[in-house]
Every structure is written in C-alpha cells, then in structure tokens.
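**Student:** Sequence and predicted model, in that order:
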Amino acid sequence: FQQSALSSHGAILLGGRQGSLEIFGYKTQGWRRALCIAGYILSCGALLLLFYWKPEWDVWANCIRCSLEEADIVLLRTTDEFQRYTRKKVTWIDLSTLAPPVGSNSDGPLVADKDSVINRAMMKQQLKVRSIQVQKIRYIWDFPVKEFKKVGSLEDSNTCHSIHHKFGAGLTREEQKIRQLVCGPNAIEVEIRPIWKLLFKEILNPFYVFQAFTLTLWLSQGYTEYSVAIIILSIVSVGLTVYDLRQQSTKLHNLVEEHNKVQVTVCTKSCKELESRYLVPGDMFLLDGKKLSLPCDAVLIDGSCVVNEGMLTGESIPVTKTPLPLTESPMPWKTHSMEDYRRHVLFCGTEVIQTKPTGRGPARAVVLQTGFNTAKGDLVRSILYPKPVNFKLYRDAFKFIIGLSAIGVFGLIYTVCVFVSHKVNVVAMALLLLTVAVPPTIPAALTTGTVYAQRRLKKKKIFCISPQRINICGQINLVCFDKTGTLTEDGLDLWGIIPSEGSRFQEIRKFPSSTPLPWGLVCGAMASCHSLVVLDKKIQGDPLDLKMFEGTHWEMDDSSTAQDGASALNTCVVRPGPKASSAPVEGIAILHQFPFSSGLQRMSVVSQKIGEEQYDLYMKGAPEIVSSFCRQETVPANFLEELKMYTSQGFRVIALAHKVLNLGKDVDMSCLERDEAESGLTFLGLLVMENRLKQETKPVLRELAAARIRSVMVTGDNLQTAVTVARNAGMIHTGSKVILIEANEPEGSSPASIAWRLAEESKTNTAAPHVKTCNYHFAMNGKSYQVIIKHFYSLLPKILVNATVFARMSPGQKSSLVEEFQKLNYYVGMCGDGANDCGALKMAHAGISLSEQEASVASPFTSQIPNIQCVPELIREGRAALVSSFAVVKYLTLYGLIQFVGTALLFWQLQIFGIHQYLIQDVAITLLVCLTMSLTEAYPKLAPYRPPGQLLSPPLLLSIILNVCFTIIMQTCGFLLVKKQPWYVALASQSSGAQSSVLSYEDTTLWPLSSINCIIVAFVFSKGKPFRKPIYTNCESLGTDASLGKAFKPNCCSHLFQQFLCTPVIWRVYILLMLVLTFCVSFFTEDVILQNKHLWLLLKAWFGYQSKSQYRKWQRMLQRDPNWPPVNRKDFAVKSTDEIYINPTYEHSNED
C-alpha cells in the first residue's frame, strides 16, 4: 500500500515495540472464505502452510479492503526495512452487564474523566467497545477521531490540578468496573508456552518443511538408514530448541509472576485491600509504610517515599520520590515537570523501601498505567518482541540458498534429459539431484558458531540475552563509553573544599584532614543537602552524596521527629557525630527535598536547625547551573578560572549555595514552588571530588585504538572534566588538538549560532591550523548537541566523524547520538553501567551493561566484571563467531556442490552413490565438521581490520566458484581416467537390481574423491589468524578428521562398504595424488590469493574502489576541504522559507 492509501482504509498505530505500525482494515467475505477452504483441502494443506508463512496473503485472499471502522480483521505492518505483517481480529468488549448503574444517565459520560478515550469509544446504544490487542497492548476504537487508541494509561493531557482533583479521592465502584473491563487486568502475564505450540512453530519453519519433503523422497527411494539418521538428528535439534525456548518462557514467567499478586489498599469511598491485578488507571492507593514491590506505574500525590529502582536501572541506589505539586498550571503534568516528571512517578517493579507521610495521613498515589503499559511491562515486551537485527549475514544466507536452489533446478533438468533419453523412470532421481544441491542444514549451522561463542562468553562472565547479536559484534568499529563507573572508578573521593566568602574564594581545605570541618554554612550544606536514607541501620544513597556527608563526620538519625511548632513530622535529622567539630546546633532537620535529576543538574533541600524557627534552603549541583541561581555579587569574579583549573585536571566539581527562607509558621512544604524557592541564593563554594581511572581503562582503549576501533565518551559530567579524562585515558592522544563546540538557541532577532573554540591545552598546536583528520577531536555538551540537531543538522555528520567527547548528555540524547552514529553506517557498541544508559544500550548494535546482575534486562550483553575489558573480549568472540559462520556456510555450499557433481557424473551412466556412501558423507563427515568447525577459539590479539560482513562479497564468492571448478576438474578426470584403465570393466548398469546401480569402478573412484574433498575444503576454510586461533588448537575437529582417516583404509574398503569394487593399488595411489594436488591448489588459492589483504587493497586501488560507508565518504570529503576544521570562529544558522534551519555559508565572525 502507498502512504496515500492510509486514509480510511489504513492508519498509523503508535506504540509497537519496533516503533510505529501501519494498520489496514479488512472485511471477511463468505465466498472468498469458501474458496480458500476448498484450496486448503485440494492442496492437502499446502495453501494453509503458505498462508501461515505469509499472513498478508491469507488476509488478501479471504477479505476485501474496507475502512478501519467497518473492519473485522486488521493487518499490521512494521514501518522498518523488514515490513513484516501480522493479522489481528477485531473483538468487541460488552459492557451491557454494567448497564443499570451506567444507563441511569444515558446522555452523560460513561466515566467521570471527560477526556478519557473510554467515553469516545463507547457505542451508546449497544454499550460495546471495539478493540484489538497488539503485542500485549490493548487498543480501542475512538469513534470521533476514527482511530485505534491505546488504553491502560491515564491521559497525558491531565494537568497537575486535574490529577489531584479527579483522582485524588479515588474512583467510584462503577467506574472501576468499567475500567477493569475496558483496560483489562493489571497483570504482566507471560504464559509458559505449551510444548505442542513451540513444537509446531519449530516444525513449520520453511527449512524443516523442505527437509520433510527431502526425507519423504529419500525414504521412497529406500534410503532408510540415512533418512532415519537425519530424522533422529532433526528430532534432537528440534527438541533442544523447544527445550531452550520453554526454559526461557518459564524463566520470564517466574520473573514477572510474583508482581501480579501484590496486596494494595485502594480507596474508593472507603479503603479496602485488593489484589493488584484489579487496579485500574485512576485508582488511588495508599503507601502505608510497608515494603512494597510496585504493581503498576503510579504518580505520587501526597507524602514522599524512597524507592529502589535497581530493576529498571541496574543500580541499587535509593531514589527519593516527591509528590506532584498542586498547581493551577494549564499545562499537562509531564510538561509542567519538564524532563523531571520521573521524580513524581513510582515505576512498576521497583521497590518502595520507605514512605514519609505528611500530616494529612499516609502517602497516596494515583495509578498511571497498568499491565504491559508500565515501565516493567515495556521491558518484558522488549524481551518478548525484540527489535529485529538487520544483519546482512542472515539475508545473504537466504540468497545463497536461493542460488543453490537454482543450481538444483538445473540438475533436475539435466537428470530429466539423461533419464528420458534412456527411457527410465525419472521423477525420483530428478528430485534427488534437486535436494542434493541444497543442504537444509545451513540455518542450523549458522547458529552453532554463536552458541559456542555464547558459551565461551559465559565463562568470561559476559552474559547474553540476544545470541544473534554476537555475530554483529564482529563488525563493531565504534564504541561509546559512559565515564563514571565505566572508564573511571564508581566512587568519588572527597579531595577538597574551596569556600567562598565576600565574593572571594578562600584557601582550599584538603581531605582527608587531621582536623574536622569547622561549623558553618558549608558544613550545613554538606550535612543536609543530599538524598541519603538510613536502611537497616546503614546510610545508603548516591556515592557522591555519601562521600560528601562522610566528610562532615555528622550522623544521621532517621526515626527522629523534629518539633516544628505544629505537628510532629516524620522527617530526616542529621546531628554532629563524636568526631565532628563542635557546632552550636543540636542537629538539622531535612524537611523537604527537590531531588536531583540529570535534566536539571541540581538538587536542593529545605532544612531547619532543631529548636530554631528559621528555614534554610541549600542547593548543590553543576557549578555552571548553581552559580546561575545565585546573586551575582556573591559569586567570585574568578569563578570560571577556578572551575576550569580543577576540571582541567580531571576533578569532578560540585557547587554549593544557600538561602534563608522566610516562610512563617505551619507552612505546607508540599505547596512550595521550586522556581520561587531556588532563586537569589548565596554562593558558598566548590566541592572538589577526585574520580580515578580504572586500571584496565588505558590498556583496553589502547588495544581498541590499535585495532582501529573508535572510542567515544558519552557522559553526564562536566565538559572540561570529560576532556581531561579522555586525554588521561588515551582517547585523545598527546599532540592532538581539541576543538570545543558551543551552539546556542536563537535569541530575539539573532539566529542560532555555533562557535568553534580551541581548548586551552591545545593552543600550543595552533602552528599547524589545518592538520589531518586524525589530529583533532571535537568536544561538546548536551545543550550544544541539541541545538546542532535542531538548527545545524547538515553539520552533524561532519562533526560526528571526528567528535570524541560528549558531556552533560541526558539519557535521551545518549540514545539519539547512538542512532546518529548508526546513520553514518558505524557499527556501534555502547558500554555503560546501566543506570541512565538503558536507551542507548538498547539502541546500539551491541549494548554491554556493567552490572552485578546475571542479566540486565536493559541490554543484550551484561558483564559481571565491572570494567571495560569485556569490550575487546566481546569483539574478539564476535569476530570469531562471524568468521566461523562464514566458513560453515562456505563448507556446506561446497559439500552440496561436491555431492551434486559426483551424483550428476554417475547419473550420466544411470548410476548412483550407495546408501551407506551417502550416510558416511552426510553424517560422519559433514555433520561432525559443522559441529566442530566453530569450536576454534578467538585469536587473542585484535586485528587492525574487521572480517568481511557480507556473504556475497568477491573473495567469498570467488572462493566457492574456484573450489567448485577444482572439484569438477578432479572428479571429471577421475571419472574419465578410470574408463581408460586396462582393468576397467563396464558393468551392466541397465539391470534391474539396486546393487547394480551402485557397484561400478566409477563409483569406487568418485566416492573417495568427493568424500575426502569435503574434508579438504573443511580444512582449507577453517582459517586461523587473524580472527581465530590456528586449526591445530581445535582438538575436537582434528580428532574427527583423524577418525575419518582411519576409516578410509584401502584394504578394508570392501569390508566396510560392500558398495566398492576392488581396484589395483596403483589406482588408489593415483586417487591419493589427485586429492593431494587438489588440496595444494585449493590451499594456495584460499590462503595466498583470496585471503591476502594486501592484494585486495591493491586491486581496490587499481580499480578505484572506495568504501560506500557514509562515514568514509565524509572523511574523504573533509580531508579535501581546506576550511575544515573551523577554529576560533562563529557561524549562524540561516533561516529558510520552509522554516528549516540550514547553514550553507559558514559566516566568519570577528572573533578570529
């Protein structure tokens, strides 16, 4: 369908796991259905099988196109490059059972929330709702808008005020029942798939169907032993696959099952305990202090609580959640809270550790999303419906099979011609040659390499939940690293404090120190401005907060109550410890928190000294941000120089600020406006934290650089710190210059601008202003990245080709960056600690999470060893698996064609190989070779180039074509030469016995030639260096070949196989010489010519071939551009008529 057809017949359905889906409406027609049923019967189920493989053909045959409103069947199509179809039935949800209470006011809305899609989806007379279920998410038909809308969530259009007022008191019983029927149960149910279903799905795979056809044919020809052997192997293969899938299904079921049976206290007019599966969006429930695993996504409307979000982020740091403010703002609540709306949201699957009620009673929350709409549901869906990996290997393997099928068809025609001319029964023989050319084991063989690699990775403590991605790891040429906890140590150490008084920095106070920190505002800020909590008598929270608090020697007393004059308030109190300096205060009560978020880059607390009435606000955060909230006269004039001095040495710098709040008595902290409170602060000073590189970081980055794999840093930290760490780690080599990019949004009449500035430490290199590509690196922060995406998108590829440091990046920007690198045809790896990298880890070709858990749901790979050594390890295994997969495909192709040539030559005189001879070739040689070829381990040193990523590449195709030519020459020579021998006797091939069609001198010659040729190509294709260890290290493979060698003893041939004739010893020597010659020629061709990297580079240069990868094109273009890279200049976006910002003229500013 064309996009123009997406009017009434089709639409776009949002929210699929693979992005949006196109949806088309169809109506079943009786006569079409009858014709199809007749077709199923007449084709003995073949048409039904075809429709099973192609659901769109099923819909097109049975139905006619119609509008979505009339449709009883919908066809869904993914919008990615795969364009896969699925068929769904439109069902009706009947609400007439709830008619009496609902129908009492037939004109009024069905549910109290007037904006709810449920009201618009209802057919008023019949009380029915049309729905479809797609990837576990339910959609209902919105009549006025005429499209399917997702249910199971509260509308995003709700304002803060409406959430408090519509849902703050809970839903009525009637409304709960309606929502339960329409939205479905609040349960993340993963059924343990029945074995028969898994079995059918596996057996109905096109390759197994082709195998079934082949086996039927062979059994009809009396090849019982071989067929039985293949049947046994297929049963074992299918059995193992089904067992594996069943285990995965059971594991996932058990992982999510416990969250479906949580007891929660839900309030309607009265409060009662309910099982969590009955929760609906809009329900209000209580958090009554018990530890609770959240069964849904909810927004906190009263009280605050501490949550462990380890399940979502892989980081078990307690997070404090604050209630949604009760404001009259007309903006939707998420927009009002900006990027920071998450601080009010309790996510499904996370654990509530502690709740802090307000004076009005226990903490309360409103259900936002239920079931698979929740954060946890989305993670489970990402496992159930993984994003398909678009890797050329699998597509090329399919093209290969089609090519081999074409050869098989040629063989079929040849057989028909030969056998018809001799007036012999032809059908079975012709089909036999067709099946010989296509080895049905290619798909299974492709997976053996990844299975072995997965096993080897597991020994190295790297776990994988998406094995098909292992092959893709072999193509990685760019790795993005998070900084904190990945390249550097997780914990920060407090290095020093630089207090500020009277708008001047005082002398630095270094840590550890023999004397305790004296009491003052800085000490007050360090003791109270954090989100630490006491759990099981242990202080827990963000490592930075912990180090800062420990520096004061104060203690935390969590269960205290602070007398604030009115009511006793459950709050957190900090007091001076025995080692702390004497303070004129008994302690500080932390009354309210504005939590830290990566979007705002700051946090603040409202506190009160015990026994005093004055309220204090303390703020800490990124120095640039904190200073902007301070009164400028309190910020030292040399603030930026001082900051740069420490960040340029790789320190992490945090700024502190303070303000006295005039609130009066009995103030309700939850009504405090953040913007109002956080203004006009006094700057207190800088906190300097040391963040050391992990000892493995430098050698690993050096190894990646030697292998020509780019390393990029993507961090939430300060730009200057990030650049310094990149220099120290060796990402930016000494002598390379760093160009800082600063882009700004348009202000007033001036358009968006982008400035290119040479970093301070690079100034010494300005003697050569335009150096080669590798000698400069771009660095920028998240704000500039956002502006470039919006206003200077045409510049982005030029920047990305040489950008190395991205600082202050939000989680969304990290994902976007990975995607932009992929658009330039980079194969991107992402390595992070899983905390704020979830999106990027999923987006990358290979996401590696450094986490203690065995398998982080956030990424395809998880390393239990928390350093970046796993990256080269994974690339090594990926390369080995990729090369093994290619070798196995090449071998299977050759094996099929070697057998095809031998069989075709014997067919010429109406003969055929014997059953046992086929059995030895297929089972004893090929099967064992396929199973052992991939056992060769990865080569320990990373080569400075990648293995070929395409099956259909010139070296690989040439290798197959030349080896097929060698086998044709060798077998034809053997076939013709044996006829010339003086002892040769032409046997009566026309006689009726089955044995006579096998026993012949041609057969006795061709069988050893073709069988040992199979072993030769297996050896030749098992290439070792540079991606795998040499073949002699693979003991299993060599053992197989040795055992086959023992089997082939001339004196016991006739004893082993009664299908041989005795030949003179000299003829056996000739056969051996032919094989040795073939081996030498094949080995020389493969190793010296086809695998010769330098030769191919010369040929590419000779023919002027250049890489088609986008990043290579840009690199070539930029090397020829004399004005690139720009240094010390400013360019402006030019606003074109169609409102898109472009930058055709890089206007020089006067800054030069």
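**Tutor:** Okay, I see it.
**Student:** Please enumerate the helices of the stretch 701-850 of the chain.
**Tutor:** In the stretch 701-850 of the chain, the helices defined using DSSP state H, counting those that start in this stretch lie at 719-729, 782-791, 796-800, 811-823, 838-843.
**Student:** Please name whichever of these is nearest to Ala1018.
**Tutor:** With C-beta to C-beta as the criterion, Ala1018 lies closest to helix 811-823 of these, at 36.2 Å. In short, each C-beta sits where N, CA and C put it, glycine included.
**Student:** Just the mean pLDDT for stretch 662-679, thanks.
**Tutor:** When pLDDT is averaged over stretch 662-679, the result is 77.
**Student:** Buried residues in that stretch, which are they?
**Tutor:** Using 16 or more other C-beta atoms under 10 Å as the test for burial, stretch 662-679 gives 663, 667, 669-670, 672, 677-678.
**Student:** Ok, stretch 460-476 next?
**Tutor:** By neighbour count on 16+ other C-beta under 10 Å, the buried set for stretch 460-476 is 460, 462-476.
**Student:** and of those residues, the nearest to Ala943?
**Tutor:** Within those, proximity to Ala943 (C-beta to C-beta) peaks at Gly474, which comes in at 11.0 Å.
**Student:** Cys529 versus the residue of the chain positioned farthest from its centre, what's the distance?
**Tutor:** Centroid-distance maximum for the chain: Pro982 at 67.8 Å, with C-alpha atoms, centre = their mean. As judged by C-beta to C-beta, to the nearest Å, Pro982 and Cys529 stand 102 Å apart.
**Student:** now the stretch 101-250 of the chain, which segments are flagged as low pLDDT?
**Tutor:** 101-115, 123-125, 223, 225-226 (pLDDT under 70).
**Student:** What segments of it are helices?
**Tutor:** 117-121, 160-167, 173-183, 195-203, 206-220, 224-257.
**Student:** what's the span of stretch 709-722, first residue to last?
**Tutor:** End-to-end distance for stretch 709-722, by C-alpha to C-alpha, to the nearest Å: 20 Å.
**Student:** actually stretch 921-934, sorry about that
**Tutor:** Start-to-end, stretch 921-934 (C-alpha to C-alpha) is 19 Å.
**Student:** for that stretch, what is the average pLDDT?
**Tutor:** On average, stretch 921-934 scores 79.
**Student:** residues in contact with stretch 151-165?
**Tutor:** Contact partners of stretch 151-165, identified using C-beta atoms under 8 Å, 6 or more residues apart in numbering, comprise 113, 115-118, 131, 137-140, 166-167, 182-184, 281-282, 299, 301, 324-334, 336, 366-373.
**Student:** same question, stretch 1075-1087
**Tutor:** Contacts for stretch 1075-1087 (C-beta under 8 Å, 6+ apart): 959, 962-963, 966-967, 970, 1008-1009, 1012-1013, 1016-1017, 1019-1021, 1023.
**Student:** Return the member of those residues nearest to Gly222.
**Tutor:** Pro1008 (23.6 Å).
**Student:** So the closest one: helix, strand or coil?
**Tutor:** The three-state label given to Pro1008 by DSSP: H, G, I helix; E, B strand; the rest coil is helix.
**Student:** Was I right to think it contacts Ile1071?
**Tutor:** Yes. Using C-beta atoms under 8 Å, Pro1008 is in contact with Ile1071, at 5.6 Å.
**Student:** Quick check: buried residues in stretch 236-246?
**Tutor:** Going by 16+ other C-beta under 10 Å, stretch 236-246 has these buried residues: 238, 241-242, 245-246.
**Student:** mind listing the helices for the stretch 401-550 of the chain?
**Tutor:** 427-437, 442-459, 469-473, 521-528, 543-550.
**Student:** can you pull the alpha-carbon coordinates of the longest one into CSV?
**Tutor:** Yep, that's helix 442-459 we're talking about. Extracted in CSV, the C-alpha atoms of helix 442-459 (Å, rounded to 0.1, in the frame of the first residue of the first chain):
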residue,chain,number,x,y,z
ILE,A,442,22.6,-24.0,6.5
PRO,A,443,20.4,-22.1,9.0
ALA,A,444,21.1,-24.5,11.9
ALA,A,445,24.9,-24.4,11.1
LEU,A,446,24.8,-20.6,11.2
THR,A,447,23.7,-20.7,14.8
THR,A,448,26.3,-23.2,16.0
GLY,A,449,29.1,-20.5,15.9
THR,A,450,27.0,-18.2,18.1
VAL,A,451,26.1,-20.9,20.5
TYR,A,452,29.8,-21.8,21.1
ALA,A,453,30.7,-18.1,21.4
GLN,A,454,27.9,-17.6,23.9
ARG,A,455,29.3,-20.5,25.9
ARG,A,456,32.8,-19.0,25.9
LEU,A,457,31.5,-15.6,26.8
LYS,A,458,29.6,-17.1,29.8
LYS,A,459,32.9,-18.5,31.1
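**Student:** Which residue lies nearest the spatial centre of the chain?
**Tutor:** Short answer for the chain (C-alpha atoms, centre = their mean): Lys842, at 2.7 Å.
**Student:** Help me confirm that that one comes into contact with Phe861.
**Tutor:** No. Between Lys842 and Phe861 there is no contact under C-beta under 8 Å: 11.4 Å.
**Student:** Need the overlap of contacts for those two.
**Tutor:** The contact sets of Lys842 and Phe861 do not overlap (C-beta under 8 Å, 6+ apart).
**Student:** In the stretch 501-650 of the chain, where is pLDDT below threshold?
**Tutor:** 558-570, 597-599.
**Student:** As a check, name the ranges of all strands in it.
**Tutor:** Using DSSP state E, counting those that start in this stretch, the strands of the stretch 501-650 of the chain run over residues 504-505, 509-510, 533-535, 538-540, 554-557, 561-563, 568-570, 572-576, 588-597, 602-609, 615-621.
**Student:** returning to that earlier point: nearest to Cys36, out of the helices of the stretch 701-850 of the chain?
**Tutor:** helix 838-843 (40.2 Å).
**Student:** What are the buried residues along stretch 186-206?
**Tutor:** Buried, per 16+ other C-beta under 10 Å, within stretch 186-206: 186-188, 190, 193, 198-199.
**Student:** what's the span of stretch 65-78, first residue to last?
**Tutor:** Note: stretch 65-78 ends 19 Å apart using C-alpha to C-alpha.
**Student:** now it, how far from the centre of its chain.
**Tutor:** Centroid separation for stretch 65-78 versus its chain: 31 Å, with C-alpha atoms, centre = their mean, to the nearest Å.
**Student:** Check stretch 782-795 too.
**Tutor:** The answer for stretch 782-795 is 25 Å, by C-alpha atoms, centre = their mean.
**Student:** mean confidence score for it?
**Tutor:** 91.
**Student:** And stretch 282-298, by the same measure?
**Tutor:** The average pLDDT within stretch 282-298 is 85.
**Student:** any idea how far Leu294 is from Val266?
**Tutor:** Distance, Leu294 to Val266, by C-beta to C-beta: 14 Å.
**Student:** Actually, Ile12.
**Tutor:** Computed as C-beta to C-beta, the Ile12 to Val266 distance reads 36 Å.
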